[in-house]
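**Student:** coords please:
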Amino acid sequence: MYYIVFGYNMENKITQLRKGILELADALAINKADGDNMGPAKKAAKILESALGLLQPASPLWKPPVLLCSAREMTGIDAIWKSVLR
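**Tutor:** Sure thing, here's the model as predicted:
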């Protein structure tokens, strides 16, 4: 199982992502999605969801979720754990 964690400010780095790393991911998480970072985190999540839509999925039955979380505020951790258990 592969999880990829990004910081909220990754939107400018999307072009640096290698196609193969996104294809391996079972789930993606945007960390630091709290306070003033929530807007940029949601924008980064939309960018990643769009990028995933352009790729051939590893399984036609599974679309990797893009999750928001905050280690500082301990939010979104339950959603990440539930995706691990699926």
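**Student:** low-confidence ranges in this structure?
**Tutor:** Counting by pLDDT under 70, the chain contains low-confidence ranges at 1, 8, 10-20.
**Student:** Helix, strand or coil: sort out the residue nearest the centre of it for me.
**Tutor:** Nearest to the geometric centre of the chain sits residue 28, at 2.8 Å (C-alpha atoms, centre = their mean). For residue 28, the assignment made with DSSP: H, G, I helix; E, B strand; the rest coil gives strand.
**Student:** dump the residue contacts of it.
**Tutor:** 3-6, 22, 48, 52, 64-67 (C-beta atoms under 8 Å, 6 or more residues apart in numbering). Every residue, glycine included, has its C-beta placed from N, CA and C.
**Student:** Regarding the chain, what is its longest helix?
**Tutor:** helix 38-53 (DSSP state H).
**Student:** I'd like to know which elements that one is packed against.
**Tutor:** helix 19-24, strand 27-31, strand 66-68 (3 or more C-beta pairs under 8 Å, 6 or more residues apart in numbering; DSSP states H and E).
**Student:** now it and strand 27-31, what's the angle there?
**Tutor:** Counting by axes from the mean of the first three to the mean of the last three C-alpha atoms, to 10 degrees, helix 38-53 lies at 160 degrees to strand 27-31.
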